[in-house]
Each structure stands twice: as C-alpha cells, then as structure tokens.
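# Coordinates only, no sequence provided:
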C-alpha cells in the first residue's frame, strides 16, 4: 500500500540552526501539507501546498518557515533559525484530490536544544 | 470559531465495553468530519469519517453519530479491544478546492484493559 514517508525520523539541532525536514508524498497526490504536534498536544495545521505554491498557512507558519517541492517527489519544510519552541513532531500529509482523505506520514521528531 | 472541542481527555474501558468520545464544533462551514487514530510514534491514520448529510456512519465496530443542529459528533467503539488502545482525534475540515486543512480536536487517550 502506498504511504507517505518522512526523513529523518529524529532531528536534533541547536537553537538558531537551520533544519530541513523531508517528505515523499504518495506518488499521484497533488496536495501537500505540514502539521506539527507538540508533545502531548493536538495536531496543528502549518501549511498547505498545491500547484507549486502555498494555498493556506496558519499563524504558526511565520517568516522562519518555508516549503518547497524541489523535484517531482520531495516536499520539504525548512525552518531557518530554530527556536526551542519549534521542538515537536512534524507530520507531512498528502491527498490525491481535494475530496480525498489526507494520508499522514510517520513524522519527524525535531528537538531543538 | 475554528476550534474543535473534544472530551474526555482520557478514557479507560474494559475489554468488550463501549468507548465513547465526544466532539463539538462552532464553524458551520465545516463539512467533513474525520476521526483519526494515532499510536505512539506514528502519524495520525484515518479511522472513519462522516459528512453532515447523514446522522450516523458505521464501519465495523466503529460508529460516528452526528448531530448537525447541536454541532456535535461522537465516536463509539463497540466491543473495545486492547488493540484499540491509542489516541483518538476528532477533526473537521472544509473539504473543497484543495484548501482542505484539517482542524484537530485535543485528543482522547484510550486505554482498553483486559
């Protein structure tokens, strides 16, 4: 069964450093999303991406965040200068059409020290 | 108005019992209500979903009840099993145009004891 994959599974970084989280959505999917989940809390929407541009972003997704689809398979989330409060699980999701359910990846645990 | 409220925060049920999780929403523009199941270290996985044109949807041991006028919906897990032990999130979205961001509830940690 096709699945969304994410790398790395765990990323540890120093505050102020840049990180790039990588996702490979399901191959025929067209819509892509990033969510985050601070430990023990709910999953929060960050950004949606369609047709090579951001469709919607939350207030969490400030100028420190950016997304990119550099090739036909990868979808990345970049945090330019990480803060302690960026420590969370980051989930990538994708759907084939706007009427389908979102499929979530296993997540990347980001720890900012 | 974008929030989805969920209760209880945690739930312990005996094997074979019924687990009930409740959710409420404010935004009447929501038209798709999924439930996600999350095991530790894993991403949320779609369990069952409903649209507001029906009041109930059943898939196996899982049933969603939906009350559009009260803006409430609930998940019932019949004959709960230890393997159902996970965190359950209700959610809502406006499902059109590719802007299908999902707004999650706060989650319910379910423990089914033998």
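Cool, got the structure. Computed from a predicted structure; not experimentally measured. Numbers count the residues shown, from 1 in each chain, chains lettered A, B, ... in the order given.

# Hmm, residue A:33 and residue A:50 touching each other?
No. Judged on Cβ atoms under 8 Å, residue A:50 makes no contact with residue A:33 at a distance of 9.7 Å. (C-beta placed from N, C-alpha, C; glycine too.)

# Please identify which of the two sits among more neighbours.
Ranked by neighbour count (other Cβ atoms under 10 Å in any protein chain shown), residue A:50 and residue A:33 place residue A:33 first, with 28 against 19.

# continuing past the helix or strand encompassing that one, what's the next helix or strand?
With elements taken from DSSP states H and E, the one containing residue A:33 is strand A:31-37. As assigned by DSSP H and E, the chain's next helix or strand after strand A:31-37 is strand A:43-50.

# list the helices and strands that following strand packs on?
Packing partners of strand A:43-50 (3 or more Cβ pairs under 8 Å, 6 or more residues apart in numbering or on different chains; DSSP states H and E): strand A:31-37, strand A:53-57, strand A:65-68, strand A:75-79, strand B:103-104.

# In JSON lines, list those along with distance to residue A:8 and mean pLDDT.
Output for these, formatted as JSON lines (distance: least, Cβ to Cβ, whole Å; pLDDT from 0 to 100):
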{"stretch": "strand A:31-37", "distance to residue A:8": "15", "mean pLDDT": "94"}
{"stretch": "strand A:53-57", "distance to residue A:8": "24", "mean pLDDT": "91"}
{"stretch": "strand A:65-68", "distance to residue A:8": "17", "mean pLDDT": "96"}
{"stretch": "strand A:75-79", "distance to residue A:8": "12", "mean pLDDT": "97"}
{"stretch": "strand B:103-104", "distance to residue A:8": "24", "mean pLDDT": "92"}
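
# Run a quick neighbour tally on residue B:75.
Residue B:75 is flanked by 25 other residues according to other Cβ under 10 Å.

# How about it, nearest residue that isn't a chain neighbour?
residue B:21 (4.7 Å; Cβ to Cβ, 6 or more residues apart in numbering or on different chains).

# Residue B:29 contacts residue B:93, correct?
No. With contact defined as Cβ under 8 Å, residue B:29 does not reach residue B:93; the gap is 9.7 Å.

# Counting neighbours, go ahead and name the busier of these two.
Under the neighbour definition other Cβ under 10 Å, residue B:29 and residue B:93 were set side by side, and residue B:93 has more, 22 against 11.

# could you measure that one against residue B:65, distance?
19 Å (Cβ to Cβ, to the nearest Å).

# quick one, what contacts whatever residue of chain B ends up closest to chain A?
In chain B, no residue comes nearer to chain A than residue B:43, which is 3.6 Å away by Cβ to the nearest Cβ. Counting by Cβ atoms under 8 Å, 6 or more residues apart in numbering or on different chains, residue B:43 touches A:4, A:91, A:93, A:104-107.

# farthest pair in the residues you listed?
Within those, A:93 and A:106 form the most distant pair, 11.3 Å apart (Cβ to Cβ).
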